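In: sequence first, predicted coordinates after that:
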Amino acid sequence: MKRDILLHPDPRLKKVCAPVADLSDELRRLADDMLETMYDAPGIGLAAPQVGVLSRLIVLDCVKEEGAAPRPTVMFNPEVLAVSEKTNVYEEGCLSIPEQFGEVTRPAEVEVAWIDREGRAQTAGFDGLWATCVQHEIDHLNGKLFIDHLKPLRRQMITRKMVKLKRERARA
Ligand code: K1U
Ligand code: ZN
């Protein structure tokens with residue numbers, strides 16, 4: 001089932017999310033719904049607070065090549081274990097901030113630990129778009145948006161545009 005994606009500004013997008021204690025069928029269903037919502041958007045990642053659930057769960061699939069097999073990835077309680085000194089700049093977007101983009105500098109490589117959909121502990125290294133996206137999604141779990149990495153003036157400008165967009169959508 002596709003879920004509605006919250007739009008910034010929304011207080012739920014600023015909250016630190018709670019760790020998932022036990023994997024349940026309900027949480028697995030939420031992960032499946034989030035993947036469906038992400039592919040439909042379309043996007044390359046989604047975090048639970050973006051669908052109004054304040055739990056530490058993210059999904060991602062950064063395979064972009066035409067015809068390549070998809071790699072739906074579900075991470076409960078993801079944790080960054082190590083980051084590279086080398087950084088990468090990427091023009092990021094966010095499904096909670098449609099049509100707004102900004103350059104964000106982040107570590108180019110990260111090592112992440114998480115619990116997968118089947119409840120198994122996993123650890124892996126990520127680079128390229130996967131590294132950017134997993135950091136963007138983990139930021140969401142800590143109440144941080146990509147615009148929080150931008151200069152205050154740019155952040156205010158984007159937030160004003162979003163307030164206007166939400167007002168227009170509410171009227172329609
Ligand atoms: O968290 C989100 O809001 C999803 C976001 C993830 C993200 C994008 C760019 C850099 C870091 C993280 C998106 O998926 S925005 C949409 C997007 O980037 C995209 C959509 C279709 C094809 C390719 C990319
Ligand atoms: Zn986002």
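Out: Alright, I've got the coordinates. Ligands and ions are numbered 1, 2, ... in the order given.
In: for this protein, what lies in contact range of ligand 1?
Out: For the chain, the residues in contact with ligand 1 (Cβ under 6 Å from any ligand atom) are 42-47, 64, 90, 92-96, 132-133, 136-137. Quick note: C-beta positions are derived from backbone N, CA and C, even for glycine.
In: make a ChimeraX selection of the buried ones in those.
Out: Selection of buried members from those for ChimeraX, criterion 16 or more other Cβ atoms under 10 Å:
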select :43,44,45,46,47,90,92,93,94,95,96,132,133,136,137
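In: restricted to strands, list the residues of the chain next to ligand 1.
Out: 45-47, 90, 92 (DSSP state E).
In: residue of the chain nearest ligand 1, please.
Out: G43 (2.9 Å; Cβ to the nearest ligand atom).
In: which residues in this structure form helices?
Out: Ranges of helices in the chain, per DSSP state H, are 25-40, 128-141, 152-171.
In: can you list the helices and strands that the strand ranked longest in the chain packs against?
Out: Counting residues, the longest strand found in the chain (DSSP E) is strand 73-83. Using 3 or more Cβ pairs under 8 Å, 6 or more residues apart in numbering; DSSP states H and E, the elements in contact with strand 73-83 are helix 25-40, strand 57-60, strand 110-115, helix 128-141.
In: if we go to 10 Å?
Out: Strand 73-83 sits against helix 25-40, strand 45-47, strand 57-60, strand 102-107, strand 110-115, strand 121-126, helix 128-141, with contacts defined as 3 or more Cβ pairs under 10 Å, 6 or more residues apart in numbering; DSSP states H and E.
In: now the ones you listed in JSON lines, with mean pLDDT?
Out: Formatted as JSON lines, those follow (pLDDT from 0 to 100):
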{"stretch": "helix 25-40", "mean pLDDT": "98"}
{"stretch": "strand 45-47", "mean pLDDT": "99"}
{"stretch": "strand 57-60", "mean pLDDT": "98"}
{"stretch": "strand 102-107", "mean pLDDT": "98"}
{"stretch": "strand 110-115", "mean pLDDT": "98"}
{"stretch": "strand 121-126", "mean pLDDT": "98"}
{"stretch": "helix 128-141", "mean pLDDT": "99"}
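In: nearest residue to the residue positioned nearest the centre of the chain in space, please, no chain neighbours.
Out: In the chain, the centroid-proximal residue (Cα atoms, centre = their mean) is E137; its distance is 2.9 Å. Leaving aside its chain neighbours, E137 sits nearest to I58 (3.9 Å; criterion: Cβ to Cβ, 6 or more residues apart in numbering).
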